[in-house]
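**Q** Fold the following for me, if possible:
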Amino acid sequence: MQPEKGLPAVLAGPILRKVTPDSVAIWLAVRASARVKLELQAEAEEAMEFILTPGTEELSCICAGERLHYLLIDVPIDTPLPAETWISYRLSLELEDDPESGWQDHTIWAPDLTYPGVSRPGFMVPQRIKSLLHGSCRKPHSEAGDGLVAADAHLKARLPTSETPGTNEEGWPSLLVMSGDQVYVDDVAGPMVQAIGALAQKLGLHDETLSGLDTGLPDSGHALHTAGGYLYRRDGLLPKIDQNARVFDVLFGGTSKPIFTSLHARNHLFTLAEMLAMYLLVWSPAVWKDMPEFQAPEGLSDKEMKMYAEETETLKAFVADLPAVRRLMAHLPTAMIFDDHDVTDDWNLSLAWEQAAYGHPLARRVIGNAIIAYSLNQGWGNCPQTFRKTQEAFVRDALADPGSDRHDAAITALLALEEWDYQWQTDPPLIVLDTRTRRWRSERNSHYPSGLLDWEAATDLQSHLRGKNSVLLVSAAPIFGVKLIEAVQKFFTVIGKPLMVDAEYWMAHAGTAGAILNVFRHRNTPKHFVILSGDVHYSFVYDVELRQVTPSLNGDEPDSPQIWQICSSGIKNIWPEKLIRVFDFCNRWAFAPRSPLNWFTKRRGMRVIPRKPVGTPHGQRILNASGIGLVELDETGAPTSICQLTADGRKVPFERREKEARLD
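**A** Coordinates of the predicted model:
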């Protein structure tokens, strides 16, 4: 087998995933199956070398096309790695399609992977978390800057030096937590769609027959790309809700509306090949090399031509930043969880939505493809053993024969899976919630938003929290959100149009709201909760105190847990500035501590203290700036500093002001 001309050995990665003293997991996408040599070198320790063969538990290999293979290194370490110590690593490949070249390390396939003055990438084992980076919502064609570049600059400034080579005195973060919308498969720029088609063909990704389309329309992924005329018009191919279905007459006033509810679904991805190519293009500069120049197709309207030109310039800047993104993810253990745009907008918002989406063959296939792509690109590294037991066989079936009954059976199995949440046993422990597939459906009305966590999942969470003093809890949507925006969402839910405002928030469903608050109030609950969230495309911090806590059995006065709701969003996405300022201003006045409206609407027995982003105008409590969140913790797991590192180079702390506490 000859290597494909112009294709690098490594198409994406390496991405450092779950790391413990006893194991190291690294994900990468390569053009051919390969043997791997991993060398680990901790300061003042003997070097370790592992030579791994594909098809073993230590090196899993999954073929997705003629020239696309995924590798996950999951190496057990006999002698535990030291914590808080710099560990350099060298990753070398011996590719099956080019054995004569021998071992090739990053100096050949990613010479820009390391920081200046350092010959190898490296990491520190996350044990006691002193600081972490977190964020969500990274849309490539957003005009906002990329917060992952700000995160890379933060690491670059804290790289261990020759004076402190083996310590973490400079504040090297322990983790990178990505809490949803790592990709937008439902909102893709026109030039990106073209790049996806070109890359899928270049990598020899398998074509996929699409069922559920009208006669005369393209019936496969390749046909869709070659037919032309569908750029910015894919929403016309998406399935419509049956107007004769009574529940949807209630929901949408009897009007036809796509199941796929994103306002920007003009370029929604359909096939598994498209979604796999998308991940490579948003994470790696390597696959952009030798990519054809962006060129608008014929037949676009004047409005579409203008949009295409603007998106082209934005994507060029996005691609220029990708080396920094790849370098960042090669140095920090990275935890990921899906939110809706990783699959489709409003995914599983209500029972009515589920009945429509999963009852249509094309809708079910598109959603299933996104879940398969997530599992392979994101979920795999979160917990490799869980993937091996519950997902790997189905992912392989789908990749082996896209468009077949085997593919559809794999989707059915993955849709039924309830093991997307996970934990990392750090200090404090990282507990990542699945708020998308374990939902509490409304019993009052099928079009009302489902609760983000059902009773069983909330009970599981309580058992995981038992005996812990503090916890890092990842919830894609904020558990405690901006009250005015939630009030607007509730209003649209009552009038039967929750999809118009993405009415997905924890307090929207009484059962879920009660369950999560009971978790916080339980006598055995941790004393410190740091909740890391995203989703909303703006950033804020609340200190939350609960006033009704379960009494202690020994008669002592119960202590309310300390809760910090920290929302960092988006990594590369923002709200319209004028609109978010209006919401911020109105929220401040409507729900101020002495506001009558605040007293009349308080319902959960909470004391909420919003923090002010330092350097913003007087009274502003919401930060509308793309970037990455930085949280620093003390020995008890309580935050000592909460900041947003913005894409334009600022460090914005969130400052607590006690006098602004309100009852909720």
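**Q** Counting neighbours, which bits of stretch 622-630 end up buried?
**A** For stretch 622-630, a neighbour-count test (16 or more other CB atoms under 10 Å) marks Ile622, Leu623, Asn624, Ala625, Ser626, Gly627, Ile628, Gly629, Leu630 as buried. Using the backbone N, CA and C atoms, a C-beta is placed for each residue, glycine as well.
**Q** Over to stretch 430-450?
**A** So, applying 16+ other CB under 10 Å, buried residues of stretch 430-450: 430-442, 445-450.
**Q** could I get the host helix or strand of Val75 in CSV with only the CA atoms?
**A** Per DSSP states H and E, Val75 falls inside strand 68-76. In CSV, the C-alpha atoms belonging to strand 68-76 read as follows (Å, rounded to 0.1, in the frame of the first residue of the first chain):
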residue,chain,number,x,y,z
LEU,A,68,-8.8,7.4,7.9
HIS,A,69,-8.1,5.3,11.0
TYR,A,70,-8.6,6.2,14.6
LEU,A,71,-6.1,5.2,17.3
LEU,A,72,-6.7,5.3,21.0
ILE,A,73,-3.6,4.7,23.2
ASP,A,74,-4.7,3.5,26.7
VAL,A,75,-1.5,2.4,28.4
PRO,A,76,-1.5,1.0,31.9
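**Q** Name the surrounding residues that touch the following helix or strand past it.
**A** Past strand 68-76, further along toward the C-terminus, the next helix or strand under DSSP H and E is strand 87-95. The contact list for strand 87-95 (CB atoms under 8 Å, 6 or more residues apart in numbering) reads 3, 9-10, 14, 24, 26, 28, 30-43, 73, 81, 101-106, 109, 118-125.
**Q** what's near enough to touch the most centrally placed residue in the chain?
**A** By CA atoms, centre = their mean, the chain has its centre lying nearest to Gly180, at 2.6 Å. Residues near Gly180 by CB under 8 Å, 6+ apart: Ser136, Cys137, Ile337, Phe338, Asp339, Asp340, His341, Asp342, Ala476, Gly534, Asp535.
**Q** hmm, 6 Å instead?
**A** Contacts of Gly180 were listed using CB atoms under 6 Å, 6 or more residues apart in numbering, and they are Ser136, Asp339, Ala476, Gly534, Asp535.
**Q** Could you measure from it over to Leu430?
**A** Going from Gly180 to Leu430 by CB to CB, to the nearest Å gives 15 Å.
**Q** try Ala357
**A** According to CB to CB, Ala357 stands 31 Å off from Leu430.
**Q** Over to Leu546?
**A** In terms of CB to CB, Leu546 sits 22 Å off from Leu430.
**Q** circling back to that earlier point, residues in contact with the strand holding Val75: which ones?
**A** Residues outside strand 68-76 that contact it (CB under 6 Å, 6+ apart) are 23-30, 33, 50, 58-63, 203, 380, 384.
**Q** Measure how it sits relative to strand 87-95, angle-wise.
**A** Strand 68-76 and strand 87-95 are oriented at 140 degrees to each other (axes from the mean of the first three to the mean of the last three CA atoms, to 10 degrees).
**Q** List the strands paired with strand 68-76, with their directions.
**A** Strand 68-76 has the following strand partners under DSSP bridges: strand 23-30 (antiparallel), strand 59-65 (antiparallel).
**Q** mind checking how far the host helix or strand of Ala200 is from the chain centre?
**A** Using DSSP H and E, Ala200 falls within helix 190-202. The chain centre lies 22 Å from the centre of helix 190-202; the measure is CA atoms, centre = their mean, to the nearest Å.
**Q** So which other helices or strands are in contact with it?
**A** Judged by 3 or more CB pairs under 6 Å, 6 or more residues apart in numbering; DSSP states H and E, the packing partners of helix 190-202 are helix 272-283, helix 302-320.
**Q** what's in contact with the helix or strand hosting Asp460?
**A** Using DSSP H and E, Asp460 sits within helix 455-465. Helix 455-465 has contacts (CB under 6 Å, 6+ apart) with Ile431, Arg438, Ala515, Val519, Thr525, Pro526.
**Q** Which members of these are positioned in strands?
**A** Among these, the members found in strands (DSSP state E) are Ile431.
**Q** which of the contacts of helix 455-465 sit farthest apart?
**A** The span of the contacts of helix 455-465, defined through CB to CB, is set by Arg438 and Pro526 at 21.3 Å.
**Q** if you skip the residues just before and after it, what's nearest to Trp172?
**A** Among residues not flanking Trp172 along the chain, Arg158 sits closest, at 5.1 Å (CB to CB, 6 or more residues apart in numbering).
**Q** now Trp506
**A** Distances taken as CB to CB, 6+ apart put Ile479 closest to Trp506, at 4.8 Å, once the chain neighbours are dropped.
**Q** The lengthiest strand in the chain pairs with which strands, and in what direction?
**A** Longest strand of the chain, by residue count under DSSP E: strand 10-20. Using DSSP bridges, the strands paired with strand 10-20 are strand 23-30 (antiparallel).
**Q** got the phi/psi numbers for the nearest residue to Val614 once chain neighbours are set aside?
**A** Leaving aside its sequence neighbours, Val614 sits nearest to Pro653 (CB to CB, 6+ apart; 4.7 Å). Backbone torsions for Pro653, taken as degrees, to the nearest 10, come to phi -80, psi 150.
**Q** what does His225 give?
**A** phi -80, psi -30.
**Q** how far away is the residue nearest to it when sequence neighbours are not counted from Leu231?
**A** In space, His225 comes closest to Gly197 once its chain neighbours are excluded; the distance is 3.8 Å by CB to CB, 6+ apart. Going from Gly197 to Leu231 by CB to CB gives 10 Å.
**Q** and what of Gln104?
**A** Using CB to CB, Gln104 is found at 37 Å from Leu231.
**Q** higher neighbour count, those two?
**A** The residue with more neighbours, out of Gln104 and Leu231, is Leu231; 22 against 18, by other CB atoms under 10 Å.
**Q** Which helix or strand in the protein has the lowest average pLDDT?
**A** Here the helix or strand of the chain ranked lowest by mean pLDDT, DSSP states H and E is helix 246-252, holding a mean of 37.
**Q** What is the burial count for the nearest residue to Leu72 once chain neighbours are set aside?
**A** Of all residues not flanking Leu72 in the chain, Ser60 sits nearest, at 4.7 Å (CB to CB, 6+ apart). Other residues near Ser60 come to 20 when the count uses other CB under 10 Å.
**Q** for this structure, which spans come out with low pLDDT?
**A** 1-5, 161-170, 240-264, 482-505, 508-509, 547-559, 583-604, 658-664 (pLDDT under 70).
**Q** now do 50
**A** Within the chain, the stretches with pLDDT under 50 are 1, 162-168, 242-257, 495, 498-501, 600, 663.
**Q** Would you mind finding the most buried of the helices and strands packed on helix 190-202?
**A** Burial of the helices and strands packed on helix 190-202 is given as mean neighbour count (mean count of other CB atoms under 10 Å); helix 272-283 ranks first at a mean of 26.
**Q** Which strands and helices lie in contact with it?
**A** strand 10-20, helix 190-202, helix 361-374.
**Q** now Gly615, what's its secondary structure?
**A** coil (DSSP: H, G, I helix; E, B strand; the rest coil).
**Q** neighbours of the residue nearest to it when sequence neighbours are not counted, just the number please.
**A** Nearest residue to Gly615, sequence neighbours excluded (CB to CB, 6+ apart): Val652, at 6.1 Å. For Val652, the count of nearby residues is 19 (other CB under 10 Å).
**Q** Tell me the bridge partners for Val652.
**A** Each beta-bridge partner of Val652 is listed here: Gln644, as defined by DSSP bridges.
**Q** Many thanks, have a good one.
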